[in-house]
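Visitor: Give me coordinates for this.
(one chain, ligands or ions: 2)
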Amino acid sequence: MSEILTRLATAQHKAEVLVEALPWIREFSGQTFVIKYGGNAMVSENLKAAFAQDIVFLHHMGIKVVVVHGGGPQINAMLQRVGIESEFRGGLRVTTHDAMDVVRMVLTGKVQRELVSLINEDAPYAVGLSGEDAGMLRAKRRKAIVDGAPVDIGHVGDVVEVDPVAITDLLDSRRIPVVSTVAIDVASPREVLNVNADTAASAIAAALGARKLIMLTDVEGLYLNWPDKSSLVDEISAADLRALLPTLDSGMAPKMEAALRAVDRGVGQAHVIDGRMAHSMLLEVFTDSGIGTQVTWEGSKA
Ligand SMILES: Nc1ncnc2c1ncn2[C@@H]1O[C@H](COP(=O)(O)OP(=O)(O)O)[C@@H](O)[C@H]1O
Ligand SMILES: CC(=O)N[C@@H](CCC(=O)OP(=O)(O)O)C(=O)O
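Guide: Ligands and ions are numbered 1, 2, ... in the order given. Prediction:
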């Protein structure tokens, strides 16, 4: 008897979950989401498969999904295999000409391919793109700021122009674009630049007028007082984040700057969520309380 009661309670709970999702499905159907998948969140085959499943789920809910992926740890591993040392200055990879070849090869030839095939296990939705394709991402060389001074870091750029047509064409044909953040160098169009994937995802979200930018990483969200686990922030306004930004450590600083820039340029909400938790994306999008940290223009839940 108690087994039947347990089964009924579980079934009832499942029904409640579906009912809770309904207003969010209604709200987000037809909207564009940019999902940034960080290399540090790609920690196991199961998690990557769960990520792909969530992407397909959003797609079937009528959401126009654009995946922008990173791959920092995967680039480090390949650089090590070919005997090139990995060096970061101000949170950005020092990218020599040889390192740039490896960055491009790993992002467009390995990480992107793997995500495309995982998403396509269900049906052939995903199409991989590099920022070079159809002139999508154009970037200008940038320096890193170390101890307040600019430092040359080679073939690294900041996105100055996004041409979203290659992405919107795919979205219009009900595909899921999967974008690698290699950009054309505006000063020398035959050359390419390495762009931080958070920054690129933010620029793409702004250019598309996305409703949400969701960044999956290897931490629960933004901690006000890192690493004090009790200081996790659920929600923060653009104004409060702007004031907080100069105090943040190098891991979170580019991510939160990307979130702020997206919201400043009209993206509805930017989120940082834990990619190590399977299906965290579904919890963020389809539950009332959400998960992780949400950045909005005025700090209200949506
Ligand atoms: N205030 C903070 N809140 C949360 N994480 C922080 C904070 N400051 C630094 N971090 C670090 O930032 C890391 C996430 O950034 P990063 O490693 O660049 O992620 P990704 O590879 O997903 O882009 C976390 O694992 C954490 O160690
Ligand atoms: C300039 C720069 O640092 N580019 C990054 C691009 C990949 C990236 O951003 O990957 P994650 O999101 O996994 O960190 C790099 O070379 O590692």
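Visitor: Helices of the stretch 1-150 of the chain, residue ranges please.
Guide: Secondary structure of the stretch 1-150 of the chain (DSSP state H, counting those that start in this stretch): helices at 2-28, 45-60, 72-81, 97-106, 112-119.
Visitor: Between those, which shows the greatest average number of neighbours?
Guide: Of all the helices of the stretch 1-150 of the chain, helix 112-119 carries the top mean neighbour count, a mean of 20, counting by mean count of other CB atoms under 10 Å. (Glycine included, C-beta is placed from N, CA and C.)
Visitor: Contact partners for residue 160?
Guide: 138-140, 186 (CB atoms under 8 Å, 6 or more residues apart in numbering).
Visitor: swap the cut-off to 10 Å and go again
Guide: Listed by CB atoms under 10 Å, 6 or more residues apart in numbering, the contact partners of residue 160 are 137-140, 142, 183, 186, 203.
Visitor: from those, which would you call buried?
Guide: 137-139, 142, 183, 186, 203 (16 or more other CB atoms under 10 Å).
Visitor: Could you list the contact residues of the protein toward ligand 1?
Guide: Along the chain, the residues adjacent to ligand 1 under the rule CB under 6 Å from any ligand atom are 38-41, 70, 72, 198, 217-219, 222-223, 226, 248-249, 251-252, 255.
Visitor: Filter these down to the buried ones.
Guide: Buried, going by 16+ other CB under 10 Å: 38-41, 70, 72, 198, 217, 219, 222-223, 248, 252, 255, out of these.
Visitor: and the residue of the stretch 101-250 of the chain nearest ligand 2?
Guide: residue 197 (3.4 Å; CB to the nearest ligand atom).
Visitor: Give me the neighbour count for that residue.
Guide: 26 (other CB atoms under 10 Å).
Visitor: Now it, what are its backbone angles?
Guide: Main-chain torsions, residue 197, degrees, to the nearest 10: phi -70, psi -30.
Visitor: doesn't residue 183 make contact with it?
Guide: No. The pair residue 197 / residue 183 is not scored as a contact, 11.2 Å apart, by CB atoms under 10 Å.
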